[in-house]
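I'd like to go over a predicted model; first the sequence, then the structure.
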Amino acid sequence: MDDETTTTTITNSVFKKEIFRRKLLMMYEWKKARFKAFIEKNVLLLGVIVGWFAFGAVMFAHYGFSIRQIPSLMFYLAPPLPYTVAELGTGLLALSDKRLFWNLYYSYGPNIIIPATLSIIIYNMLEGFHPDIGCRRLAKAMQNHTVILGYNKFGERIVNLLKSRGEPFVVVDPDPAAVDELVRRKEPVVIDDIDEIHSLKTSNINKANVVIVAEDDPKLAVLATKRVRELNPKCMLIVRCFADELVEVIESLGANIVISSWKKDADDVMKFIYHSKRIEGVKQLTVITKDRVGVLTEITELFGKAGINIDSISEEDFMGEAIIQMLTNDVDRARKLLLSKGFNVTESDVLIVTLNDKPGELAKLMKKLSDANIDVESLYLLSRDSSQTTLAIKVDKPREAKLILKEKL
């Protein structure tokens with residue numbers, strides 16, 4: 001029994017040493033990669049400094065200074081030669097005067113060229129060895145964005161979907177290894193606890209449209225929900241929590257949507273993200289063309305080949321004309337593409353309005369618009385689930401309607 005214990009102890013000791021050796025090796029490789037990246041990024045700037053010193057050495061040699069004198073001159077170890085009052089009174093000296101070059105070299109080098117170049121190199125060095133600094137700075141500058149608290153598989157899927165739609169986002173996660181790939185790509189990331197006020201402020205959460213708590217730990221999700229609502233009472237707050245006993249608590253803290261089923265995935269959440277604001281102004285494209293078989297096939301295939309996603313589409317026939325209304329993720333490209341194929345395209349402002357899915361909600365919305373003397377020109381359903389309904393509404397006064405609905409909804 002003692003022999004077995006001794007063998008196990010030795011094996012564990014060897015294993016721990018091997019793990020430690022591998023960690024050291026990984027750290028060395030990481031540092032080496034960072035240093036190589038730093039050199040590659042700053043090779044031109046380092047060349048400027050080396051070139052400046054080389055230029056000084058050549059010019060000092062040209063003006064007859066000895067090999068012993070040149071190193072102290074080119075590296076600013078000797079003081080500049082002063083001019084006499086008589087020499088200064090004669091005006092600008094000839095460029096061939098070695099004292100003029102000496103003084104110019106001492107003026108521009110240590111005061112302008114070297115400090116400016118070194119400051120850029122130091123800045124790049126800080127970002128190279130601590131790239132998260134730049135990521136935090138970028139996160140703090142974000143506005144009208146989505147904040148993802150917790151970067152697990154679910155959070156990663158959300159980020160990928162947001163990127164595919166061109167939506168701005170910030171990720172907050174305390175684990176550097178989890179967000180390493182995002183940091184390498186210089187995405188807006190805050191490496192910090194998701195329930196800390198300072199980390200949430202760094203993500204500029206008070207100016208976010210949507211906040212998604214993707215954290216697996218339900219207790220952390222509760223704390224994060226509380227903090228988010230303290231900093232941003234108006235954003236769309238989506239929380240993932242699989243502890244049924246905490247769902248009501250999270251809802252009471254102000255979460256708009258609580259995902260409590262493993263079946264819900266990132267694609268379901270994206271339905272809410274697109275319509276995250278209760279009132280959102282977007283551009284609608286309307287195509288009026290002769291009603292014929294295959295016209296929708298032609299348009300949808302055109303967008304599919306161009307990589308343009310259709311968020312909503314409706315079609316109706318009016319006196320032999322097909323009227324097709326659509327919302328896409330890239331209005332400019334979609335319009336140009338349709339025009340290039342000879343379609344008659346118009347662009348108009350529509351409001352995306354998200355209502356609670358309850359009887360009477362639409363009636364309240366219509367009354368607010370009619371009381372403001374705003375005419376509804378068209379209205380159609382975009383999406384509906386158990387708790388919310390999202391509509392696209394075209395009105396004759398979109399700006400006024402947006403202001404009124406934002407105040408009253």
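That came through, no problem. Numbers count the residues shown, from 1 in each chain.

Endpoints of stretch 230-246, how far apart?
19 Å (Cα to Cα, to the nearest Å).

What residues sit buried inside it?
Using 16 or more other Cβ atoms under 10 Å as the test for burial, stretch 230-246 gives 231-232, 235-241, 246. (Each C-beta comes from the backbone N, C-alpha and C, glycine too.)

Check which element follows the strand or helix carrying residue 49 along the chain.
Here residue 49 sits within helix 2-62, counting by DSSP states H and E. Using DSSP H and E, the helix or strand that follows helix 2-62 towards the C-terminus is helix 69-74.

Show me the contact partners of that following helix.
Helix 69-74 is touched from outside by 53, 56-57, 60-61, 65, 77-78, 102, 105, with contacts defined as Cβ atoms under 8 Å, 6 or more residues apart in numbering.

rerun at 7 Å
Residues outside helix 69-74 that contact it (Cβ atoms under 7 Å, 6 or more residues apart in numbering): 53, 56-57, 60-61, 65, 78.

Neighbour-wise, which one of those leads?
Counting neighbours by other Cβ atoms under 10 Å, residue 60 comes out on top of the contacts of helix 69-74 with 22 neighbours.

And that one, how far from residue 176?
49 Å (Cβ to Cβ, to the nearest Å).

With residue 134 instead?
14 Å.

Can you pick out the residue with more neighbours from these two?
residue 134 (17 against 11).

quick one, phi/psi of that one?
Backbone torsions of residue 134, given as degrees, to the nearest 10, read phi -60, psi -40.

unless I'm mixing things up, residue 288 is touching residue 320, no?
No - counting by Cβ atoms under 7 Å, residue 320 is not a contact partner of residue 288; they are 11.1 Å apart.

who has more neighbours, the two?
residue 288 (13 against 8).

helix, strand or coil for that one?
Classification of residue 288 using DSSP: H, G, I helix; E, B strand; the rest coil returns strand.

try residue 312
strand.

now the closest residue to it other than its chain neighbours: how far from residue 347?
Distance criterion Cβ to Cβ, 6 or more residues apart in numbering; nearest residue to residue 312, sequence neighbours excluded, is residue 327 at 4.4 Å. Distance check for residue 327 against residue 347: by Cβ to Cβ, it reads 11 Å.

okay, the two: which has more neighbours?
residue 327 (21 against 12).

what helix or strand is the more buried one on?
strand 321-328.

roughly how far is that strand from the heart of the chain?
32 Å (Cα atoms, centre = their mean, to the nearest Å).

cool, and stretch 140-150?
Going by Cα atoms, centre = their mean, where stretch 140-150 is centred and where its chain is centred differ by 7 Å.
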